[in-house]
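J.: Here's my sequence, what's the structure:
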Amino acid sequence: MTPLWRKAFDAIERPLAAGSEAWVQSDTFMDLTAVTIRVQRRTLREVQQATERWLHLWGWVSRGDVTSLTNQVAELERQVRELRRAADHRGTPLLNGHRTGGRPRTRRSSARKGS
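T.: I've put the predicted structure just below:
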């Protein structure tokens, strides 16, 4: 037997669920959702730009600066990987990599030569 609280819940929930499902599937709801998302994105972009200008005004680093530098470092890493692959493929010695022509100079050995 179904408990009394469950019968009361179902009596209220079923009509509400049917109405809300119809509303969520309507064109009006979809249009309002699309407009809301556009407004939210525009507002977020404007707040981020204003915050970035304020941070730059005080000489601080912004998220955009960090993202830009991160992308630049990633690009440099990709270029180094490509150069290493090309050097390995040709068998060309690298200055700072897998193969070198001789022993690299250390600080200690170069300091002794100067003394």
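J.: any low-confidence regions in this protein?
T.: The model of the chain has pLDDT under 70 over residues 92-115.
J.: how about the helices in it?
T.: Here the chain has its helices, by DSSP state H, at 4-24, 27-57, 63-90, 107-114.
J.: how far away is the residue nearest the centre of the chain from Q48?
T.: Nearest to the mean C-alpha position of the chain, by Cα atoms, centre = their mean, lies T67 at 8.0 Å. Separation of T67 from Q48 (Cβ to Cβ, to the nearest Å) stands at 11 Å. Just so you know, the C-beta spots here come from the backbone N, C-alpha and C atoms, and that holds for glycine as well.
J.: likewise R14?
T.: Going from R14 to Q48 by Cβ to Cβ gives 44 Å.
J.: Compare neighbour counts for those two and give me the winner.
T.: Neighbour count, other Cβ atoms under 10 Å: between R14 and Q48, Q48 has more, with 13 against 10.
J.: Quick one: residues contacting that one.
T.: R63, G64 (Cβ atoms under 8 Å, 6 or more residues apart in numbering).
J.: again, only this time at 6 Å
T.: Residues counted as contacts of Q48 (Cβ atoms under 6 Å, 6 or more residues apart in numbering): none.
J.: For G64, the count of nearby residues, please.
T.: By the criterion of other Cβ under 10 Å, G64 has 14 neighbours.
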